[in-house]
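1. Could you work out the structure for the sequence below:
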Amino acid sequence: MRLWIIQLALSAFSLASEQTQQVFDDQNAKQPPSAVTETISTPLFATLERLARLVDVTYCIGTTGVSKPFDCVSRCEDFPNISLVTTWNTGVLMSDSCGFIAVDHGSPEKSDPIYAGGPAIIVAFRGTYSITNTVVDLSTVPQKYVPYPSPDDGGEKPPEKPEHECTNCTVHMGFLSSWQSTRTLVVPQLRELKQQYPSYPIQLIGHSLGGAVACLASLELKVSLGWEDVVVTTFGEPRVGNVGFIRFVDQVFHLNDQKDVEERTYRRVTHQEDPVPLLPMSEWGYNSHAGEIFIAKQDLSPTENDVRMCVGDEDPNCIAQADDNVWDFLSRMRRFVWKKGMALETDGLAKIAGFPSRLKLWQLFFAHRDYFWRLGLCVPGGDPANWGRNPYKPPASEDL
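-> Reported below is the predicted structural model:
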């Protein structure tokens with residue numbers, strides 16, 4: 001059954017590749033890259049590493065679980081100042097959502113200011129478990145996007161003169177459905193927490209599919225509810241919508257008019273070997289928004305010098321440099337599945353042969369999860385023996 005689903009998804013790719021596609025005029029959406037792509041600072045590196053560990057905790061929901069005050073078999077013990085508010089799991093379908101809401105009360109003054117987190121309301125969205133689900137998730141049709149949900153849909157009354165307008169916007173149907181099934185659980189809880197902790201910003205984090213849901217959630221919080229103190233960090237976020245939509249994201253978060261790129265309130269972290277941020281493909285009408293932070297090192301663990309700040313929606317010095325290879329990757333995978341008749345399950349990745357080494361599925365599987373840590377394994381320590389890696393330690397003050 002799962003193999004049939006994969007073949008169906010890849011058939012959609014085959015059909016799309018053989019037909020003449022109307023490609024959106026995205027020249028105005030792409031910004032000229034900077035002459036030199038900057039590496040990130042040590043404080044930002046530590047922040048991203050910390051948030052990667054936090055989003056990793058979401059993979060315990062639905063398996064071993066996350067309980068109050070903030071306990072799980074994975075990385076919860078790394079965050080003694082975080083209090084769990086609630087978890088949610090809307091189901092097992094691919095359009096469903098899973099995650100947690102927690103309050104970070106900040107670290108004591110004695111803690112390292114670089115490695116510690118400040119007070120915040122945290123909303124974390126889990127991604128998908130397997131490459132199989134990812135391929136199927138990314139094979140759906142776009143749907144019209146309305147940034148101001150009507151009261152009948154659980155939204156606020158739209159303003160007479162909205163500050164931001166989303167013109168001719170479409171988004172991935174599955175991503176939008178996932179947020180719609182989640183918002184009735186998340187938004188009321190955030191209203192209560194905002195009243196209780198009015199000075200705490202809202203930190204949205206997500207991996208993979210969870211990154212796409214975090215994107216849609218952040219827009220509703222900022223545009224519809226008018227909450228300005230929203231900060232988004234995603235890891236391996238796929239393309240969410242068309243050119244009109246990414247222009248809207250760039251506008252709402254001021255991603256193309258900030259002089260200090262480290263002050264962005266939307267950070268989209270990508271990885272050199274991860275194909276998911278390039279999917280769904282531009283030929284299908286999807287594009288990437290700005291705010292990218294690119295991990296240029298293939299293996300774990302990266303350092304500050306391996307992580308770059310990117311400029312514009314598709315900086316050629318970042319993940320966009322691999323965009324031309326995605327057609328080749330999907331075409332090879334389609335032919336291989338039909339020829340070998342093998343399901344693309346994670347437990348069989350090591351047995352798959354026939355791909356060039358750069359296209360080994362197990363490499364792509366890990367690349368999509370290797371964001372400072374290997375994400376998605378809810379076991380003690382976060383992954384078996386940290387896969388031979390030592391925990392990240394902030395530099396000594398004399399090294400800063």
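
2. Where do the strands of the protein begin and end?
-> Ranges of strands within the chain are 82-89, 98-104, 120-125, 142-144, 170-172, 202-207, 230-235, 266-271, 292-295, 307-309, 370-371, 373-374, based on DSSP state E.

3. Distance check, residue 205 against residue 195.
-> 22 Å (Cβ to Cβ, to the nearest Å). For glycine as for every other residue, the C-beta is placed from the backbone atoms N, C-alpha and C.

4. So which of those two has more stuff around it?
-> residue 205 (25 against 8; other Cβ atoms under 10 Å).

5. follow-up on the earlier one: please name whichever of the strands of the chain is nearest to residue 42.
-> Taking Cβ to Cβ, strand 307-309 is the member of these nearest to residue 42, at 10.6 Å.

6. for the chain, what are the low-confidence residue spans?
-> Along the chain, the model assigns pLDDT under 70 to residues 1-37, 92-95, 108-116, 129-140, 149-162, 322-365, 379-400.

7. Mind jotting down where the helices sit in it?
-> 2-18, 42-56, 131-137, 173-196, 209-219, 243-252, 325-340, 361-367 (DSSP state H).

8. which residues does residue 295 contact?
-> 269, 270, 271, 272, 302, 306, 307, 371, 372 (Cβ atoms under 8 Å, 6 or more residues apart in numbering).

9. For residue 144, which non-adjacent residue is spatially closest?
-> residue 170 (5.8 Å; Cβ to Cβ, 6 or more residues apart in numbering).

10. nope, residue 249 is what I was after
-> residue 289 (4.2 Å).

11. Could you tell me how far the one you found is located from residue 105?
-> Distance from residue 289 to residue 105, by Cβ to Cβ: 32 Å.

12. Mind checking which of those two has more residues around it?
-> Under the criterion of other Cβ under 10 Å, the comparison of residue 289 against residue 105 puts residue 289 first, with 28 against 16.

13. List the beta-bridge partners for residue 103.
-> Residue 103 has these beta-bridge partners by DSSP bridges: residue 83, residue 121.

14. That one against residue 192, yeah?
-> No: with contact taken as Cβ atoms under 8 Å, residue 103 and residue 192 are classed as non-touching, separated by 11.1 Å.

15. Just list the residues touching the residue nearest to residue 249, thanks.
-> 215, 240, 245, 246, 249, 250, 255, 266, 268, 313.

16. swap in residue 72?
-> Counted by Cβ under 8 Å, 6+ apart, residue 72 has contacts 57, 60, 64, 65, 66, 378.

17. can you check residue 168 too?
-> Residue 168 touches 242, 244, counting by Cβ under 8 Å, 6+ apart.

18. quick revisit: and the strands of the chain as TSV, adding distance to residue 279?
-> Shown next, in TSV, are these (distance: least, Cβ to Cβ, whole Å):
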stretch	distance to residue 279
strand 82-89	25
strand 98-104	21
strand 120-125	18
strand 142-144	13
strand 170-172	10
strand 202-207	15
strand 230-235	14
strand 266-271	12
strand 292-295	15
strand 307-309	21
strand 370-371	17
strand 373-374	21
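
19. closest one to residue 163 among those strands?
-> strand 230-235 (14.5 Å).

20. Give me the sheet partners of that closest one and which way each runs.
-> Checking strand 230-235 against DSSP bridges gives partners strand 202-207 (parallel), strand 266-271 (parallel).

21. Let's have the ones you listed in JSON lines, adding distance to residue 284.
-> Listed next are the strands paired with strand 230-235 as JSON lines, based on distance: least, Cβ to Cβ, whole Å:
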{"stretch": "strand 202-207", "distance to residue 284": "22"}
{"stretch": "strand 266-271", "distance to residue 284": "19"}
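
22. Most neighbours among the contacts of residue 289, which one is it?
-> For the contacts of residue 289, neighbours tallied by other Cβ under 10 Å; top is residue 215, 30 neighbours.
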